[in-house]
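Student: pasting the sequence and the predicted coordinates here, then a few questions.
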Amino acid sequence: MEYFIGDNYSKTYYSALKAFNSGIALTESRVGDCYDLSTAMFSISSLSCGLPFIKGRGLNIFFAIMEVAWIYTGSNELKPLQTIIDSYGKYSEDSISLYGAYGYRIFNKFGVNQVEKVIEELLENPYSRRAVISIYTAEDLNNLTSLDIPCNISLLFKIRNNQLDMTVLNRSNDVYKGVPYNFFVFRLIQFYISRELNVKVGLHNHFTDSLHLYKKDFPKVANLIKQGEVIKGGLEIDISFFDEIIVDSANIVGLNWDSINSKRLRWLFTSYKKFKEIKNVSSFEGHNEFLELSWFVDDWLQTHHDISLDL
Ligand SMILES: O=c1ccn([C@H]2C[C@H](O)[C@@H](COP(=O)(O)O)O2)c(=O)[nH]1
């Protein structure tokens, strides 16, 4: 078992990438050969929204925010995610919905709003050890040919020291493409519940039974490691960012980007739309006003489009 413990998402995530630097045996998997580190546990104490920033990683900030808003609205529709990542349809059986959709399972699918139930339980019994959100179900075992079986299987909440701790249980985790987005989306659920309970947001624990890196992504990770430290001392966006995403979640997911209330979110999505049309960096005009987001945008532009905002 590997442990990655820290007070900064970017630095802790970076230490997990570094763990793939040493001779781990290559194993086969459903979707290609990978290096499997086996069980791993992250435990992060931070006041950020959970999105790691590593220069050169080229994380898709537009997708990350779309996914978190999509989960918050309890949707299982493919379209919002496909709007950002064209190829996302490969995870859908009917080209309309996603079988494993996390938000749909958390809020709707089982006829229980599990977030509200957890809030009720912890308000009534602050010492409860029964506040559990289930994502994976027995039904999934009967449907293993699905293109989208949930990887994060349950979320556990406990109030300790007047803080809301969360433990995410994960069965299978892609360290490169899965972990950063998984941190961010479940951090929103932790934030929302802690806000409703009026307690501080606490530890973010994330256990996986398989932390792996696909062979095809190994050179990119090796490059990040060769390049050295996390730029900007591990940039963090404050967790209050979720307040803005929650307010605008329907506009984000509904693609009504001109109507987004938050200035920085409206800038992000309308600029993105313009960029898709004109493929020119000028679409991100005014970026200096939104520095934290601009670091992500710039890294995405540099990594995937070979252009820069010159921050
Ligand atoms: O939220 C998710 C969803 C998927 N994956 C990755 C883990 C695996 O690499 C792959 C799913 O493949 P199976 O474990 O289902 O074969 O996607 C994640 O890391 N997080």
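Tutor: It's in.
Student: K158 and D165 touch, don't they?
Tutor: Yes. Applying C-beta atoms under 8 Å as the test, K158 and D165 come out as touching, 5.1 Å apart. C-beta coordinates here come from the backbone N, C-alpha and C atoms, glycine included.
Student: quick check: what element follows the lowest-mean-pLDDT helix or strand in the chain along the chain?
Tutor: Across the helices and strands of the chain, mean pLDDT, DSSP states H and E gives its lowest value to helix 218-227, namely a mean of 92. In the C-terminal direction, the helix or strand that comes right after helix 218-227 (DSSP states H and E) is helix 241-253.
Student: buried residues in that following helix?
Tutor: F241, F242, E244, I245, I246, D248, S249, N251, I252, V253 (16 or more other C-beta atoms under 10 Å).
Student: name the element the nearest residue to the second one once chain neighbours are set aside belongs to?
Tutor: In space, and not counting its chain neighbours, F242 is closest to F191: 4.6 Å by C-beta to C-beta, 6 or more residues apart in numbering. With the criterion set as DSSP H and E, the secondary-structure element containing F191 is helix 179-197.
Student: picking that back up, which residues touch the residue nearest to F242?
Tutor: Contacts for F191 were tallied using C-beta atoms under 8 Å, 6 or more residues apart in numbering; they are C49, V201, I239, F242.
Student: what subset of those is buried?
Tutor: When those are checked for burial by 16+ other C-beta under 10 Å, the buried set is C49, V201, I239, F242.
Student: make CSV from these and add pLDDT to it.
Tutor: Listed next are these as CSV, based on pLDDT from 0 to 100:
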residue, pLDDT
C49, 98
V201, 98
I239, 97
F242, 98
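Student: between these, which is closest to G228?
Tutor: C49 (24.9 Å; C-beta to C-beta).
Student: give me the nearest residue to the residue in the stretch 151-300 of the chain that the ligand sits nearest to, chain neighbours excluded.
Tutor: Residue nearest to the ligand within the stretch 151-300 of the chain: G178 (2.1 Å; C-beta to the nearest ligand atom). Once flanking residues are discounted, G178 sits nearest to C151: 6.6 Å by C-beta to C-beta, 6+ apart.
Student: what about that neighbour, how many residues nearby?
Tutor: By the criterion of other C-beta atoms under 10 Å, C151 has 19 neighbours.
Student: mind listing what it touches?
Tutor: When contacts are counted by C-beta under 8 Å, 6+ apart, C151 touches G100, N170, R171, S172, N173, G178, N182.
Student: recalculate using a threshold of 10 Å.
Tutor: By C-beta atoms under 10 Å, 6 or more residues apart in numbering, the contact list for C151 reads 100, 102, 135-136, 170-174, 178, 182, 208-210.
Student: which of those residues fall within strands?
Tutor: N170, N173, D174, T208 (DSSP state E).
Student: any idea what the first one is bridged to?
Tutor: When you say that, I think you mean N170. N152, T208 (DSSP bridges).
Student: thought it was touching L156?
Tutor: No. Using C-beta atoms under 10 Å, N170 is not in contact with L156, being 12.0 Å away.
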